[in-house]
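In: Quick one: sequence plus predicted model below, questions after.
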Amino acid sequence: MCKSFLTVHCVGLGRRVGLSKTATGLNLKSASIQNSAEKVSRADPQQSEVPIASLNMAAKMGYHTSSGRSIGSNHSKLQALFSHALYNLPLPPIKEDDWLLRVKPKVKDNDRDSTQEWLSASEDGYDAAHWDSTAESHPPWLRFHLGISRWQLYDRKDPSLRALEEQLASHRIVSAVQKPGGTQLKLIMTFPNYGQALFKPKKQERDVETDFNLFYFSDFERHNAEIAAFHLDRILGFQRIPPVVGRLINVTKEIKDITTDRKLARTFYTSPVGNVCFYGQCSYYCSTEHAVCGRPLALEASLAAMLPDLSLAPRRSWRSPWRRSYSRSKLAQWEKDPNFCATVKKTPPYNKGTRLVDLIDMAILDFLMSNMDRHHYETFEKFGNDTYLLHLDNGRAFGRHSRDEPSILAPLQQCCRIRRSTFLRLRLLALPQFRLGDVMRESLSKDPLTSVAPLLAQPHLSALDRRLHTVLQTVHHCQESRRLAQQRNDVIYDDMGGYTGFDTTTRP
Ligand SMILES: Nc1ncnc2c1ncn2[C@@H]1O[C@H](COP(=O)(O)OP(=O)(O)OP(=O)(O)O)[C@@H](O)[C@H]1O
Ligand SMILES: [Mn+2]
């Protein structure tokens with residue numbers, strides 16, 4: 001049972017907590033910490049709060065040390081990239097309302113005693129929780145939630161992010177149940193400190209290329225794509241994908257033996273060669289033909305940090321104007337109309353603010369990793385239209401390396417617009433001293449599953465560099481055609497305000 005000053009958990013836990021909302025001090029509009037000082041819960045990026053033991057563990061697992069230098073290498077392209085000015089641009093000032101979960105400013109006197117801290121006895125495999133209003137008492141997943149702002153999902157330099165990744169990769173799994181909805185099997189896993197992760201299993205070997213005759217919507221999801229997408233999004237400087245790590249799961253001990261999900265438990269069996277398999281229940285690929293199997297027990301999987309529960313932080317789902325037709329014979333509007341973008345530009349929410357360039361950022365991410373499955377995207381409702389797009393669900397990326405899919409880039413090509421900061425970072429990533437494929441390799445080498453096999457095979461890394469060149473060429477063509485037509489050059493959307501000194505006009 002938990003007593004809470006922080007209602008985040010009780011709702012997110014999915015278990016009975018035994019206290020009424022008023023008793024827990026729940027502010028339904030937002031998570032509430034009953035303390036006046038906002039500073040209490042936001043991690044200070046300057047100050048490492050990761051215990052030494054965790055850093056040792058992280059080192060063993062191949063994560064960065066606190067200096068950020070990768071273990072066993074003297075020259076880190078990734079570190080050099082993240083030290084570059086373009087990766088350290090100042091964010092707009094963060095006002096009270098720009099945090100997703102707000103710190104409740106005042107405690108009523110009669111609430112004070114019962115709501116000052118969160119207490120729970122250790123039971124059912126969960127740790128006793130003694131969380132108060134100080135950041136030090138909060139587990140890393142909670143620091144992640146409290147660090148979500150209008151401008152980014154996390155601060156790349158926040159040391160508690162490393163602790164979060166480490167816990168996703170190694171903490172004991174207390175519960176594993178199916179996540180309903182969606183087309184493919186996925187589980188919600190819970191850790192002793194009440195943190196949760198979205199689990200997606202390995203369904204195919206990393207080097208299998210998607211069948212060219214398959215429509216994109218029939219493609220299987222890939223656990224390594226979820227992991228690689230998180231790294232790529234961070235390397236592009238977006239911070240719009242929740243942290244994802246790879247992990248070897250013991251199918252019997254960490255799923256079958258502990259699950260309370262009877263529908264899931266019923267689908268376990270032993271294959272003819274003695275591997276433990278299961279297939280769960282879902283609308284498409286949940287049958288013995290599509291079972292996921294351990295070898296004989298070990299199963300590779302991706303674990304993504306869960307976002308705050310929808311009851312605390314509702315999200316809005318938007319249909320992408322450039323979504324593909326789900327019919328095998330019909331074309332979508334954007335495929336038929338060369339002036340499609342002119343219409344989109346006039347249509348809310350694309351007619352104001354950064355929504356259009358944010359969508360173009362997402363198209364660039366998707367083109368680089370060849371993800372054709374971005375029919376929808378989500379935003380946090382609290383932030384209205386003035387916020388970034390969440391890049392969730394990347395399991396269908398990195399399916400092909402031998403071919404590129406130019407139609408994914410249609411938003412950039414048709415609208416001829418790109419954020420200045422994105423364009424400059426892309427140009428940086430094309431330089432030999434950084435090189436996208438190289439920094440991706442280095443970044444992915446920190447993931448625990450690299451010990452099994454590199455998360456992206458070399459042809460995928462080379463494809464990233466090739467596609468990056470295509471993106472830069474596309475921007476160049478846009479600039480040239482606007483110049484020739486003597487139109488005002490509105491290709492580069494200036495999101496960097498006073499920042500000067502970066503040249504945006506030269507060829508890639
Ligand atoms: N890290 C996360 N935290 C919380 N919710 C998430 C997270 N990642 C995804 N979701 C939610 O879960 C839903 C299903 O996840 P996802 O899209 O990855 O599964 P899927 O099986 O591929 O679904 P679909 O078949 O509909 O594409 C998403 O639409 C999103 O709202
Ligand atoms: Mn999906």
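Out: Noted; the coordinates are in hand. Ligands and ions are numbered 1, 2, ... in the order given.
In: middle-most residue in this protein, spatially?
Out: Central residue check for the chain by C-alpha atoms, centre = their mean: the C-alpha nearest the mean position is that of Ile241, 2.0 Å away.
In: That one should be in a strand, yeah?
Out: No - the assignment for Ile241, made by DSSP: H, G, I helix; E, B strand; the rest coil, is coil rather than a strand.
In: these two touch, right, it and Asp233?
Out: Yes - Ile241 lies in contact with Asp233 (C-beta atoms under 8 Å); the separation is 4.3 Å. (Glycine included, C-beta is placed from N, CA and C.)
In: Residues that sit against both of those two, list them.
Out: By C-beta atoms under 8 Å, 6 or more residues apart in numbering, Ile241 and Asp233 have these common neighbours: His391.
In: okay, now the residue lying closest to Asp494 once chain neighbours are set aside: neighbour count?
Out: In space, and not counting its chain neighbours, Asp494 is closest to Arg420: 5.1 Å by C-beta to C-beta, 6 or more residues apart in numbering. By the criterion of other C-beta atoms under 10 Å, Arg420 has 18 neighbours.
In: and the gap between Arg420 and Asp211?
Out: Distance, Arg420 to Asp211, by C-beta to C-beta, to the nearest Å: 39 Å.
In: measure Leu101 to Ala305 for me?
Out: 15 Å.
In: ok, now Leu392?
Out: 12 Å.
In: Same question for Phe191.
Out: Distance from Phe191 to Ala305, counting by C-beta to C-beta: 11 Å.
In: Get me the contact residues on this structure for ligand 1.
Out: 181-184, 186, 198, 221, 242, 304, 306-307, 378, 392-393, 395 (C-beta under 6 Å from any ligand atom).
In: need the contact list for Phe268.
Out: 251, 256, 276-278.
In: which residues touch the residue in the chain that ligand 1 sits nearest to?
Out: When scored by C-beta to the nearest ligand atom, the chain has Gly182 as its residue closest to ligand 1, at 2.7 Å. Residues near Gly182 by C-beta under 8 Å, 6+ apart: 282-283.
In: mind checking which helix or strand of this protein has the lowest mean pLDDT?
Out: helix 52-61 (a mean of 35; mean pLDDT, DSSP states H and E).
In: Could you point out the helix or strand that follows that helix?
Out: Sequence order places helix 77-83 as the next helix or strand after helix 52-61, per DSSP states H and E.
In: what about the longest helix in the protein?
Out: Secondary structure of the chain read by DSSP state H shows that its longest helix is helix 458-484.
In: So what's the gap between the helix or strand that it is followed by and the chain middle?
Out: The element immediately downstream of helix 458-484 (helix or strand, assigned by DSSP H and E) is strand 492-493. Distance, stretch centre to chain centre, for strand 492-493: 25 Å (C-alpha atoms, centre = their mean, to the nearest Å).
In: Tell me which other helices or strands strand 492-493 touches.
Out: Secondary-structure packing of strand 492-493 (3 or more C-beta pairs under 8 Å, 6 or more residues apart in numbering; DSSP states H and E): strand 418-419, helix 420-429.
In: No further queries at this time; thank you.
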